[in-house]
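Asker: sequence first, then the predicted structure, then my questions.
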Amino acid sequence: MNFLRLKALLGAGCFSLALVGAAMHPAHAGGLERGGYDIDLLFDPAPFATEAEATFVMPDRKYKNALGPGGLNLGLGSTADGAEDYWVPRIGAKVQVVQGVDCMVDYSQPWGAHVAPGMWNGAVSNIETDIKSDNYAATCSYKMDAGKGQLRFIGGVFYQEVYGFKESLIALMPVVATGRVDLSSSGWGWRAGVAYEIPEIALRASLVYNSQVKLDNISGTLTTPRGPTGIYGENTSMPDSVELKLQSGIAPGWLAFGSIKWVNWSLLQSVAICPQGSQIIAACFTGSPVEVTSLDLMYRDGWTVSGGIGHKFNDQWSAAGQLSWDRGTSHGYGSQTDTWTLGGGVAYTPKPNIEVRLAGAIGVMTSGHSGIVVGENGYAAGTDASYDFGNDLVTAISGGLKIKF
């Protein structure tokens with residue numbers, strides 16, 4: 001569902017050796033990830049810095065050879081569009097509270113998905129799914145001298161809202177009938193990490209853990225031709241993650257950088273949806289007698305590995321290029337297979353306190369097949385549709401502005 005996250009350019013913050021790193025980080029992460037989590041602004045050496053950026057992602061995933069339940073041809077078409085274009089915004093501000101203590105607040109949209117194949121042979125599984133999120137975070141750090149550099153301890157909290165809808169075909173004869181599930185939820189999370197920096201050589205190593213966000217208040221409405229019904233969802237969580245980032249100056253004007261990220265997407269298998277009030281009859285879980293439908297994801301854990309080179313041409317211009325690999329979270333059900341992405345970007349600094357950034361990326365989403373997958377609890381997802389997909393392209397553009405004092 002989600003096909004690419006494209007970050008703007010990150011300055012290395014080392015001007016004494018003319019090493020300004022411009023690190024565009026296009027990371028197509030699987031699962032429901034869009035913007036993910038980003039605290040790079042916290043490391044800006046300025047007493048105050050603010051930035052805003054937006055990314056427009058254009059995945060070109062195509063379904064083919066689609067069949068309905070039991071391998072039947074429903075006569076609705078064997079091909080469909082497997083992804084929709086989307087925007088990913090982010091805005092943040094960082095301030096040096098006192099010497100050695102920095103704090104940052106930011107708004108982002110870490111999770112999301114939008115697939116709208118319409119009326120096709122797989123319509124019993126999905127006509128349209130649209131999931132969105134809002135994340136409000138506060139993160140602080142304390143740094144102290146350690147050896148040749150500085151050791152930084154990082155901590156923060158974030159409040160997250162996740163919401164969306166799914167439409168699917170519930171009857172074809174005697175008339176076409178569809179059902180729609182609208183759901184919303186929210187929860188809190190926290191982060192903790194550590195970093196070590198040697199500004200003179202633009203060296204930075206950081207390791208940050210972001211906690212799960214428990215969604216134990218999922219509720220909404222199921223709408224069918226009979227009318228709306230109040231529903232609630234099985235308790236679940238958005239995933240925790242760990243990310244290791246490294247960067248270092250390697251020659252005058254040159255910076256190397258890379259990252260490894262793990263996301264616990266295997267948390268999300270099948271989320272049961274039950275009618276309000278059914279709690280007095282039975283608990284809501286996959287296979288429960290009160291379950292009316294479910295949101296099937298059947299993910300495995302996600303891994304993203306990235307590496308690149310940045311170069312500063314002069315005081316105004318710098319650029320970077322990067323190659324990323326993301327292990328798809330789908331493994332037999334869904335279309336999130338491995339993705340390879342090549343990205344590049346430039347940063348223009350007309351004044352020392354203003355930076356304008358523009359980046360782009362192109363990637364290949366590898367081919368595969370979606371069918372029946374049986375989970376650890378014996379539940380079989382994918383019985384309502386099967387389809388193939390080839391090697392498809394994804395492109396993205398990103399722009400950003402940073403102002404600091």
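Answerer: Thanks, I have it. Given the structure is predicted, the values throughout are model-derived calculations rather than measurements.

Asker: SS state for Gln331?
Answerer: To be clear, residue 331 is His; Gln isn't right here. coil (DSSP: H, G, I helix; E, B strand; the rest coil).

Asker: for it, give me its contacts.
Answerer: Shown in contact with His331 (C-beta atoms under 8 Å, 6 or more residues apart in numbering): 298, 300, 373. The way it works is simple: take the backbone N, C-alpha and C, and place the C-beta from them, glycine included.

Asker: burial count for the closest residue to the last one other than its chain neighbours?
Answerer: Yep, that's Val373 we're talking about. Nearest non-adjacent residue to Val373, counting by C-beta to C-beta, 6 or more residues apart in numbering: Tyr333, 3.9 Å away. As a burial measure, Tyr333 scores 23 neighbours (other C-beta atoms under 10 Å).

Asker: show me the contacts of His331 that map onto strands.
Answerer: Val373 (DSSP state E).

Asker: just among the contacts of His331, which is most surrounded?
Answerer: Result: Met298 is most packed of the contacts of His331 (other C-beta under 10 Å), 23 neighbours.

Asker: kindly export the helix or strand where Gly400 lies (C-alpha atoms) in CSV.
Answerer: According to DSSP states H and E, Gly400 maps onto strand 392-404. Extracted in CSV, the C-alpha atoms of strand 392-404 (Å, rounded to 0.1, in the frame of the first residue of the first chain):
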residue,chain,number,x,y,z
ASP,A,392,6.7,-1.7,-11.5
LEU,A,393,8.2,1.7,-11.3
VAL,A,394,7.8,4.3,-8.5
THR,A,395,8.9,7.9,-8.7
ALA,A,396,8.8,10.8,-6.2
ILE,A,397,9.8,14.4,-5.8
SER,A,398,10.4,16.3,-2.6
GLY,A,399,10.9,19.9,-1.6
GLY,A,400,11.9,21.5,1.7
LEU,A,401,12.8,24.8,3.4
LYS,A,402,14.9,25.3,6.5
ILE,A,403,15.4,28.5,8.4
LYS,A,404,17.7,28.8,11.4
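
Asker: name every strand pairing with it and say which way it goes.
Answerer: strand 48-59 (antiparallel), strand 354-365 (antiparallel) (DSSP bridges).

Asker: the helices in the stretch 151-300 of the chain, which residues?
Answerer: Secondary structure of the stretch 151-300 of the chain (DSSP state H, counting those that start in this stretch): no helices present.

Asker: returning to what we had before: in the strand holding Gly400, what's buried?
Answerer: 392, 394-396, 398-400, 402, 404 (16 or more other C-beta atoms under 10 Å).
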